[in-house]
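Colleague: sharing a model that was predicted from the sequence below.
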Amino acid sequence: MGMINTIAEFAKAQGCKNAYEFWKVTGLSQPTTYRLYNDPSAYPSKETQEAICKAFNAQPGEFLQYVPDDNEDE
């Protein structure tokens, strides 16, 4: 699977009830915000990661996670 974003869970833990609130706090474009919030396989750009980190005083590891493939040993 590789890298996934856990932005929805992260945002909720930061007090954002939904994608709309996350969008308002981060100042990211609405399409980017909703895509990242609703699709864990969507990977944020460096600039987007920086905006999220700045808005929440966070580190990328708080909203990105590596998930190894099931067949990685093959």
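Modeller: Nice, I can see it. Residues are numbered from 1 along each chain as shown.

Colleague: what are the ranges of the helices in this protein?
Modeller: Ranges of helices within the chain are 7-13, 19-26, 30-38, 46-56, based on DSSP state H.

Colleague: wait, which of those is closest to D70?
Modeller: Nearest to D70 among these is helix 7-13 (21.9 Å), distances taken as C-beta to C-beta. To be clear about C-beta, it is placed using only N, CA and C from the backbone, and glycine gets the same treatment.

Colleague: the closest one - contacts with which helices or strands?
Modeller: helix 19-26, helix 30-38 (3 or more C-beta pairs under 8 Å, 6 or more residues apart in numbering; DSSP states H and E).

Colleague: alpha carbons only: can I get that helix in PDB?
Modeller: Output of helix 7-13 as PDB, limited to C-alpha atoms (Å, rounded to 0.1, in the frame of the first residue of the first chain):
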ATOM      1  CA  ILE A   7      -5.700  13.600   7.700                       C
ATOM      2  CA  ALA A   8      -9.400  13.000   8.600                       C
ATOM      3  CA  GLU A   9      -8.400  11.400  11.900                       C
ATOM      4  CA  PHE A  10      -5.700  14.000  12.500                       C
ATOM      5  CA  ALA A  11      -8.100  16.900  11.800                       C
ATOM      6  CA  LYS A  12     -10.800  15.400  14.100                       C
ATOM      7  CA  ALA A  13      -8.200  15.100  16.900                       C
END
